[in-house]
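J.: got a structure for you, letters missing:
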């Protein structure tokens, strides 16, 4: 059976992470993704960061100088080839390059256009550059991560970038579905700040307009509640998740702490946290985990280097969740496969899309595919309009 997006053509003018990750997700669902890079290559390709691999696996690479006057015909032909066009340039930049929504739909009305920006298409910040860390800072992520009374702390992972790419891919799939059922082309707009705010969806308001939701982290940054917290054992740390009174009863029996049953779970505070910590701190983690599992309590070890451990797990490799990718620029790189497993679609597997294209590897092939004559391709190369 063919992949869900088999036959869908994606033209990507993406750089850094959020824009390219949208194309990455569409590619894992079966789309043919052509990445348009500058003649010198996208900045992340040469940044020394293997993040380029994580967002660009399985794409074709075409190197084009979008500002070169000889390339107007090339870009027009490429746009006509595509079903989806994605970019994450600032609004003014996209307009000057003629790949903004109005210019694209003027060429081909049925296009699905995915535009990703830092702060959205309107407002005083619209034309400003932005990055994952700035959006996290504005939305309060770093302060929340710091815990009560502590200084802000930065997250190691660019989850706003990747979340924005995922939301863009979801929008593209929805727009393709609508178009295939009699609709027209669409514009999908995503931005880093909106994604950062979306990730605060735990914050709700009651009928009086008061903000609520999950409690903030404690000052030690170990959790928000004694039952859902990190505890240090004799040889490491474990993560505990006790979410109801039944779990609290199991925890009491597993650790031999009768005092945990004297108050309901929603009234627990530093007293209960101290009782739990005093027992776990003297026990090896595996011993504590066995006791907790026997009582039906959810808990896991905090693995120091979880990604490396998962990479050595045969089950993860067989499932395509963890991949070892050979690249020209970075050598052998550990990469993460698709997050979604689609039963009945054997073609949807990251193992068939592990190649990381070299800069301009598919330029000649793609230009010929969109109808650019061989002699014109030669002229473009001689003029350094393509590479």
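T.: Thanks, I have it. Since we're looking at a predicted model, the values are computed, not measured.
J.: what secondary structure does residue 324 sit in?
T.: strand (DSSP: H, G, I helix; E, B strand; the rest coil).
J.: contacts only, for it.
T.: 311, 332, 333, 334, 335 (CB atoms under 8 Å, 6 or more residues apart in numbering). Backbone N, C-alpha and C define where each C-beta goes, glycine included.
J.: can you tell me which helix or strand residue 22 belongs to?
T.: Residue 22 belongs to helix 18-28 when elements are defined using DSSP states H and E.
J.: by contact count, what packs against that helix?
T.: Packing contacts for helix 18-28, counted by 3 or more CB pairs under 8 Å, 6 or more residues apart in numbering; DSSP states H and E, involve strand 9-13, strand 32-37, helix 51-56, strand 84-87, strand 112-117, helix 159-179.
J.: average pLDDT across that helix?
T.: The predicted model assigns helix 18-28 a mean pLDDT of 95.
J.: that one: how far from the chain's middle?
T.: 9 Å (CA atoms, centre = their mean, to the nearest Å).
J.: what angle sits between that helix and strand 112-117?
T.: In terms of direction (axes from the mean of the first three to the mean of the last three CA atoms, to 10 degrees), helix 18-28 departs from strand 112-117 by 150 degrees.
J.: phi, psi of residue 315?
T.: Note on residue 315: its backbone torsions stand at phi -60, psi -40 [degrees, to the nearest 10].
J.: for it, grab the count of nearby residues.
T.: Burial of residue 315 is recorded as 9 neighbouring residues (other CB atoms under 10 Å).
J.: residue 29 now?
T.: In terms of burial, residue 29 registers 19 neighbours under the definition other CB under 10 Å.
J.: quick one: it and residue 10 touch, right?
T.: No. Using CB atoms under 8 Å as the test, residue 29 is too far from residue 10 to be in contact (10.2 Å).
J.: for the residue nearest the centre of the chain, give me the pLDDT.
T.: A centroid search over the chain (CA atoms, centre = their mean) returns residue 162, at 2.1 Å, as the residue closest to the centre. Per-residue confidence at residue 162 stands at 95 (pLDDT).
J.: quick one: low-confidence parts of the stretch 101-250 of the chain?
T.: By pLDDT under 70, the weakly predicted segments of the stretch 101-250 of the chain are 203-213.
J.: if we can go back for a sec, just the ones in helices from the contacts of residue 324, please.
T.: Secondary structure defined by DSSP state H assigns residue 311 of those to helices.
J.: which among the contacts of residue 324 end up buried?
T.: Buried residues within the contacts of residue 324, counting neighbours by 16 or more other CB atoms under 10 Å: 311, 333, 335.
J.: report the contact partners of the nearest residue to residue 221 once chain neighbours are set aside.
T.: Residue nearest to residue 221 in three dimensions, not counting chain neighbours: residue 147, with 4.4 Å by CB to CB, 6 or more residues apart in numbering. Neighbouring residues of residue 147 by CB under 8 Å, 6+ apart: 153, 216, 217, 218, 219, 220, 221.
J.: dump the contacts of residue 324 into JSON lines; add pLDDT and distance to residue 25 as well.
T.: As requested, those are arranged in JSON lines below (pLDDT from 0 to 100; distance: CB to CB, whole Å):
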{"residue": "311", "pLDDT": "70", "distance to residue 25": "21"}
{"residue": "332", "pLDDT": "71", "distance to residue 25": "24"}
{"residue": "333", "pLDDT": "71", "distance to residue 25": "19"}
{"residue": "334", "pLDDT": "68", "distance to residue 25": "19"}
{"residue": "335", "pLDDT": "71", "distance to residue 25": "14"}
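J.: ok, the contacts of residue 324 vs residue 361, which is closest?
T.: Sorting the contacts of residue 324 by distance to residue 361 puts residue 333 at the head of the list, at 17.3 Å, by CB to CB.
J.: could you give the bridge partners of that closest one?
T.: With beta bridges defined as DSSP bridges, residue 333 has these partners: residue 325.
J.: now do the contacts for it.
T.: By CB under 8 Å, 6+ apart, the residues touching residue 333 are 50, 53, 324, 325, 326, 327.
J.: relative to residue 150, how far out is the third one?
T.: To tie it back to what came earlier, the one meant is residue 324. 38 Å (CB to CB, to the nearest Å).
J.: for residue 120, same thing?
T.: Relative to residue 150, and taking CB to CB, residue 120 is found at 31 Å.
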